[in-house]
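In: only geometry, no sequence info:
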């Protein structure tokens with residue numbers, strides 16, 4: 001397989017998987033951001049920031065992994081690219097979840113002691 005086509009395919013995998021995750025995540029994320037941010041402009045900024053980071057981080061990881069590995073079978077390269085994308089998304093989502101988790105509190109149960 002042509003090296004340029006393989007690089008394009010790996011990049012495309014990264015962008016498509018990132019967009020799929022963002023499609024699922026954007027609705028609930030904007031609801032949380034509207035609740036915890038001081039105004040709508042701040043919520044829009046953090047939503048855009050999250051979208052950019054969850055697109056760039058997996059792509060960067062795919063490109064870095066591709067630079068250091070050379071498989072004779074292109075399918076192995078694509079498999080590793082998918083693993084890198086999922087790893088990048090996992091790292092990004094963990095960091096976002098950790099940060100947002102500081103602001104979201106669970107509702108108190110009635111009758112519980114304070």
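Out: Received the coordinates, thanks. Worth saying up front: this structure is predicted, and the values here are computed from it rather than measured. Residues are numbered from 1 along each chain as shown.
In: ok, longest helix in the protein?
Out: In the chain, assigned by DSSP state H, the helix with the most residues is helix 3-36.
In: what's it packed up against?
Out: helix 40-68, helix 74-101 (3 or more C-beta pairs under 8 Å, 6 or more residues apart in numbering; DSSP states H and E). Bear in mind the C-beta positions are built from the backbone N, C-alpha and C, glycine included.
In: model confidence over that helix, on average?
Out: Averaged over helix 3-36, pLDDT sits at 92.
In: buried stuff in that helix?
Out: 6, 9-11, 13-14, 17-18, 21-22, 25, 29, 33 (16 or more other C-beta atoms under 10 Å).
In: check stretch 87-97 too.
Out: Within stretch 87-97, the residues that count as buried by 16+ other C-beta under 10 Å are 88-89, 92, 96.
In: got a list of contacts for it?
Out: Stretch 87-97 is touched from outside by 14, 17-18, 21, 25, 50, 53-54, 57-62, with contacts defined as C-beta atoms under 8 Å, 6 or more residues apart in numbering.
In: closest to residue 70 out of those residues?
Out: Within the contacts of stretch 87-97, proximity to residue 70 (C-beta to C-beta) peaks at residue 62, which comes in at 14.7 Å.
In: okay but that closest one is in contact with residue 81, surely?
Out: Yes - assessed by C-beta atoms under 8 Å, residue 62 is found in contact with residue 81 at 5.0 Å.
In: shared neighbours of the two, anything?
Out: Here residue 62 and residue 81 share the contacting residues 10, 13-14, scored by C-beta under 8 Å, 6+ apart.
In: including distance to residue 72, could the residues you listed go into a markdown table?
Out: Formatted as a markdown table, these follow (distance: C-beta to C-beta, whole Å):
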| residue | distance to residue 72 |
| --- | --- |
| 10 | 16 |
| 13 | 20 |
| 14 | 22 |
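In: coming back round to it: farthest pair within the buried residues of stretch 87-97?
Out: Among those, 88 and 96 lie farthest apart (C-beta to C-beta), at 12.5 Å.
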